[in-house]
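Peer 1: This is a predicted model, with the sequence first.
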Amino acid sequence: MSVSAFTQEMAADGILILTLDIPGEKVNTLGREMMAEFDDLLTRLEARAGEVRGVVLRSGKPDGFIAGADIKDFAEIRSALEAETLSREGQALIGRLEKLPMPVVAAIHGPCLGGGLEVALACRYRVASDDAKTVVGLPEVMLGLIPGAGGTQRLPRLIGLRAALDLILTGRSLKAARALRAGVVDEVVPAAVLVQAACAAASRLTAGQAPPSHLGITQTERLIRPMIFRKARESVREKTGGRYPAPPAAIDVVEQGTASSLEGGLEIEARQFGALAVSEVSRALVSVFLATQEIKKDAGYPEGTDAREVGKLGIVGAGLMGAGIAAAAVDAGAIVRLKDTSFEALARGLRHVQEGLDERRRRGSLTRLESIRRANRLSATVDTSGFGRTDLVIEAVFEEAESKRAVLAEVEEAVGERCVVASNTSSIPIGDLARGARHPNRILGMHFFSPVEKMPLLEVVVTPETDAWATATAVVFGRRLGKHVIVVRDGPGFYTTRALSPYMSEAARLVEEGAAIEDVDGAMKRFGFPVGPLALLDEVGLDVGARVSGVLHRAFGDRMRPPAAMATVIESGRQGRKGRRGFYVYDGAKKRVDESVYALLPRGLPRTAFVEREIQERLVFAFLNEAARCLEEGILRSARDGDVGAIFGLGFPPFLGGPFRYLDHLGPRFAAEVLERLAARHGDRFAPAPILIEMGREGRSFHLAGPEPAAA
Amino acid sequence: MAVVAGCRTPFAKAGTAYRELTALDLARICVRELAERTELDPGGIDIVVMGQVVPSVKAPNLAREVVLAAGFPPSIPAHTVNKACASSNQAIVDVASEILNGNAEIGIAGGAESLSDVPILHSRNMARAFVGASRAKSMGDRVRAFSSVRLRDLAPDAPAIAEPSTGLSMGQSAEKMARENRIGREEQDLIAFQSHQKMADATDDGRVGRELVPVLPPPSYQPAIVADNLLRRDTTMEALAALPPVFDRRYGTVTAGNSSPLTDGAAAVVLMSEARAAREGMEPLAFIKSWAFAAVDPGGQLLMGPALAIPMALARAGLTLADIGIIEMHEAFAAQVLSNIQALESEDWAREKLGRKEAVGKVDRSRLNLSGGSIAIGHPFGATGARITTTLANEMARRGAQYGLLSVCAQGGLGFAMVLER
């Protein structure tokens, strides 16, 4: 190792300040090199027991303590034994830290996650800065893993079974104040005095003051242990549908480990960690995580392109989408000008934003003043006044080409020379909307997903005329809103809507053929989608759905023909949730299947039982096939983008790693065969995409030898 | 010194449309919309000054809070002035002076008032008890601090619109002026009637509307407030004559009908140096030519300040009243408007108060308050000056008038006048 990751500085009272600053990296991660150096350091510290009376462990990075393991290392693990060994090595290192003869105090500023928190947990005392960036948590479960360096054992012993299970099973992180309340950290101080406070704590401990007493596993918890674990299992089963092995494994490890000694617990932890690390689910989740990281580097525009910083955002249309974008934008600190045609519409939009802020204020995640500050960033207008200084305008009016074109023309008239003009459409080709525009080079699509505040994807749609700086502006702004951003080429339905459409149509077609609504939705939820396709259609609105499938049908012909039944259902006046009636009836918060739909269909009320696998096969393969076409036609720049888009925008099961990873898992050849079989039985719409046949023939897979990403 | 743009919120009778809002809410919405409409780069604003008369106890420097709440850069310095009903005139003068001194190029000046949100004070005795209790070291001390509080101390103490030095209310002062200047009831009612008539016309032909910014009042943001609510289109001389006098029930002439009402609202203008306005490509509405503040003894006729300030401002502009194309005179009371006109046209006033032989000049009623005045529009104390400045500048631009004059009377015997030119 050329440059040391640790620097040492002797402070008063024999307190050694140990600063971790891995050279050349933005964040500290627990890599092999760092661990080896740490190990040497511990050996030397053990020998300096008389001289060094206490240790403060801090990070030299301005924005983070230790972010955890390097996820890329996980992707390279070959066997369960290798992973288990990795876990044992981490455990051993952290065990030595814990057993040092002098007290160690962790000074935490910035993210302290996963392995980082496991290091901190082995310290005698933890001081955290009150900075908004400071968070602690064990997010391993999100990657299909469990904490593998003692976290499953030390956390429950520190803060109790229920609190620890909550953090380990959800992977959520706590801000400093919450972490203090939960007992994960012992003290919270302003960042400027963090090291001072940590040194003071170390001095106190050195002087023989007892470390703070922690709640740990209380007598009560000991008494109700079986109930705690039973409830945890029930809740995990309910939330994951049994498809994610990590949470139940974590419960096992906590249960068995806390019934035994720490050493016994660590043994169980390492074994489970090893098994999970090579599981299909973890592999898939890790690949999705890495894909989201790569997208940040390969963002869809030439490196070095200057994005325009969006200080002021204009939004046209204060409906659910427009208001949702406004809410996300004021959260991200942008000044927002919201336009609609009536004060009533504006009031609804402003209320939507306000309610979101109020809700978080009630939950305590936003202070009163901060919520006022955010609300004040938003102003409303019925004309285009105030648009002259916008850096980006997003149109979010009704999904209809003429209205959108009219809005774009009005916006172009009002904005300045360097303003990017975006359409939030889910299906209309941007090229159609930009035709006749004065500056088609500044026009692009920003396809948000509803509800905007929650859905983590943004699909940026570029035409051949779109300037790179405009693309960069939209992408960077999308990231500022906390979205994963994929850049796709223009075309009807772009990627997400286009891949989803045959899947949705197939669902409606099954109902037309006699399947029960709850059977179709149930089958897909059991496959791993968060919502059934028919319930989703209700959410989107049947009229909007019909409009979109109309666009796609005109563009792609028979393959995308919507089932005839859809028209009948819409003609009956059903609009979906917004009209309180679609495939379901909505009474308040509850919904139930609307059996009167069946009377509208050729097969009538008696429903036919379909084999669940057949439902899943028809829908999923319709989806996979269309996704493959999008890649083949260059709508998608890469299979990676296709996976990220489907998971974060459409709810494609993350444990499958996305449609392309799933195709790789099935094998393109096998997928093509299934599609041919489906085509023979159900019609040509299932004819396999040529790319599947070709890749099947050549024995290639999307992720290992996919086509080169097309230039944006 | 260019007046580039101005706007105001709709004015509403206190306790009505803006019941739930504060002066800060109104000022923030008004100033933000002003910047939006003029497509002003908030980063280019050098100074913000606001006027407010009844202060918000929790946000005493209203202007600074406006900067922070309007989404402007926090680097803009801002202060708040109180010159009673001439507060936003003082705000305009403060900004204009900074620009003239070369310390600023772009500024926003305005004011706001919420009489729906006045601070209600505790009695002095009650306040002393609270302070004592907050310093108490034991429970016993805390309880003892309240031992001197009597039942009558519990009554809240609301601020009144009265002269601190004379104890006379504004209305009583107006009544005194009407009496001493022999101004009759019908004359006053006619001023009020015409105020409503002219405002109704100006509302119908869009002159009022173009100065208004809509208010979507949080937290429900509805209904949108898009129009003033004090205008009485259906008022008649008979209806006005039927109103009882308020301040002298037996012999008085000042009624609710011929006085300006308690009002909530905000108004603001953008000022720029001429060079900067040209660089920004802004077409100024008018330029500030001169101004003057004056004051009379509150023990005499309280609201006669304008009759002193107007000749001063005219002299500084090198003009006479005859040169003025349009006059905007704040209508606190019809009696005050008529008293000031009387003084301006009086040789006695000129001799006694101004030390000159001939009267200031004839006030051409056909050039006075062309869109109505404070009686019909309303009078949020802190906002009226900016409202009048905006209206005068707009009207001059519309009519192509070369010179315009505005005046405002204020508590404490203060008077203000300003000359605009194009």
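Peer 2: Nice, I can see it.
Peer 1: mind checking how far the nearest residue to residue A:643 once chain neighbours are set aside is from residue A:536?
Peer 2: Leaving aside its sequence neighbours, residue A:643 sits nearest to residue A:658 (C-beta to C-beta, 6 or more residues apart in numbering or on different chains; 2.4 Å). To be clear about C-beta, it is placed using only N, CA and C from the backbone, and glycine gets the same treatment. Applying C-beta to C-beta, to the nearest Å, the value for residue A:658 to residue A:536 is 18 Å.
Peer 1: the more surrounded of these two?
Peer 2: residue A:658 (29 against 22; other C-beta atoms under 10 Å in any protein chain shown).
Peer 1: Outline the domain layout of chain A.
Peer 2: Under the assignment automatic domain parsing, the domains of chain A span A:6-278, A:312-491, A:497-705.
Peer 1: I figured the residue nearest to residue A:643 hits residue A:641, correct?
Peer 2: No: counting by C-beta atoms under 8 Å, residue A:641 is not a contact partner of residue A:658; they are 9.5 Å apart.
Peer 1: shared neighbours of these two, anything?
Peer 2: Common contacts of residue A:658 and residue A:641 (C-beta atoms under 8 Å, 6 or more residues apart in numbering or on different chains): none found.
Peer 1: hmm, back to that, would you list the domains of chain A in JSON lines and tack on distance to residue B:414 and mean pLDDT?
Peer 2: Listed next are the domains of chain A as JSON lines, based on distance: least, C-beta to C-beta, whole Å; pLDDT from 0 to 100:
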{"stretch": "domain A:6-278", "distance to residue B:414": "48", "mean pLDDT": "93"}
{"stretch": "domain A:312-491", "distance to residue B:414": "34", "mean pLDDT": "96"}
{"stretch": "domain A:497-705", "distance to residue B:414": "58", "mean pLDDT": "93"}
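Peer 1: could you dump these to a markdown table with distance to residue B:279?
Peer 2: Formatted as a markdown table, the domains of chain A follow (distance: least, C-beta to C-beta, whole Å):
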| stretch | distance to residue B:279 |
| --- | --- |
| domain A:6-278 | 40 |
| domain A:312-491 | 16 |
| domain A:497-705 | 45 |
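Peer 1: Out of the ones you listed, which gets nearest to residue B:68?
Peer 2: domain A:312-491 (8.2 Å; C-beta to C-beta).
Peer 1: Can that closest one be said to contact chain B?
Peer 2: Yes: using C-beta under 8 Å from any C-beta of the partner chain, we find that domain A:312-491 touches chain B at A:335, A:337, A:343-344, A:346-347, A:350-351, A:354, A:358, A:372-373, A:375-377, A:379-382, A:385-386, A:388-389.
Peer 1: That domain spans what distance, first to last residue?
Peer 2: In domain A:312-491, first residue to last residue: 29 Å (C-alpha to C-alpha, to the nearest Å).
Peer 1: Would you check the distance separating that domain from the middle of the chain?
Peer 2: What separates the centre of domain A:312-491 from the centre of its chain is 21 Å, taken as C-alpha atoms, centre = their mean, to the nearest Å.
Peer 1: Just the closest residue of the stretch 501-650 of chain A to chain B, please.
Peer 2: Nearest residue of the stretch 501-650 of chain A to chain B (C-beta to the nearest C-beta) works out as residue A:578 at 19.9 Å.
Peer 1: residues touching the nearest residue to that residue once chain neighbours are set aside, list them.
Peer 2: Spatial nearest neighbour of residue A:578, excluding adjacent residues (C-beta to C-beta, 6+ apart): residue A:541 at 5.7 Å. Counting by C-beta under 8 Å, 6+ apart, residue A:541 makes contact with A:575-578.
Peer 1: ok, residue A:541 to residue A:580 distance?
Peer 2: 12 Å.
Peer 1: Following the longest helix along chain B in sequence, what is the next regular element?
Peer 2: For chain B, the helix with the greatest residue count under DSSP state H is helix B:185-204. Counting by DSSP states H and E, the element after helix B:185-204 in chain order, helix or strand, is helix B:237-241.
Peer 1: Give the buried residues for that following helix.
Peer 2: residue B:240 (16 or more other C-beta atoms under 10 Å in any protein chain shown).
Peer 1: Average pLDDT for that helix, rounded please.
Peer 2: Summarised as a single mean, pLDDT over helix B:237-241 is 97.
Peer 1: Skipping adjacent residues, who's closest to the residue nearest to the spatial centre of chain A in space?
Peer 2: Per C-alpha atoms, centre = their mean, the C-alpha nearest to the average position across chain A is that of residue A:456, at 5.7 Å. Counting by C-beta to C-beta, 6+ apart, residue A:648 is the residue found nearest to residue A:456 once chain neighbours are left out, at 4.6 Å.
Peer 1: What strand or helix carries the one you found?
Peer 2: Using DSSP H and E, residue A:648 falls in helix A:639-650.
Peer 1: How far off centre is that helix?
Peer 2: Distance, centroid of helix A:639-650 to centroid of chain: 11 Å (C-alpha atoms, centre = their mean).
Peer 1: Quick one: list the elements packing against the helix or strand just after it.
Peer 2: Going down the chain from helix A:639-650, the next helix or strand is helix A:659-666, by DSSP H and E. Applying 3 or more C-beta pairs under 8 Å, 6 or more residues apart in numbering or on different chains; DSSP states H and E, one finds that helix A:659-666 contacts helix A:280-297, helix A:612-632, helix A:639-650, helix A:702-705.
Peer 1: Please identify the most buried of these.
Peer 2: helix A:639-650 (a mean of 27; mean count of other C-beta atoms under 10 Å in any protein chain shown).
Peer 1: Can I get that helix as PDB, trimmed to CA atoms?
Peer 2: In PDB, the C-alpha atoms belonging to helix A:639-650 read as follows (Å, rounded to 0.1, in the frame of the first residue of the first chain):
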ATOM      1  CA  ALA A 639     -30.000  -3.800 -21.200                       C
ATOM      2  CA  ARG A 640     -28.900  -2.200 -18.000                       C
ATOM      3  CA  ASP A 641     -31.200   0.800 -18.600                       C
ATOM      4  CA  GLY A 642     -34.000  -1.600 -19.400                       C
ATOM      5  CA  ASP A 643     -33.600  -3.400 -16.100                       C
ATOM      6  CA  VAL A 644     -33.500  -0.200 -14.100                       C
ATOM      7  CA  GLY A 645     -36.400   1.300 -16.000                       C
ATOM      8  CA  ALA A 646     -38.700  -1.700 -15.500                       C
ATOM      9  CA  ILE A 647     -37.900  -2.100 -11.800                       C
ATOM     10  CA  PHE A 648     -38.100   1.500 -10.700                       C
ATOM     11  CA  GLY A 649     -40.800   2.700 -13.100                       C
ATOM     12  CA  LEU A 650     -43.000  -0.300 -13.600                       C
END
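Peer 1: Next, the angle from that helix to helix A:280-297.
Peer 2: In terms of direction (axes from the mean of the first three to the mean of the last three C-alpha atoms, to 10 degrees), helix A:639-650 departs from helix A:280-297 by 100 degrees.
Peer 1: Output the contacting helices and strands for helix A:639-650.
Peer 2: So helix A:639-650, by 3+ C-beta pairs under 8 Å, 6+ apart, packs with helix A:280-297, strand A:457-462, strand A:484-489, helix A:496-512, helix A:612-632, helix A:659-666, helix A:702-705.
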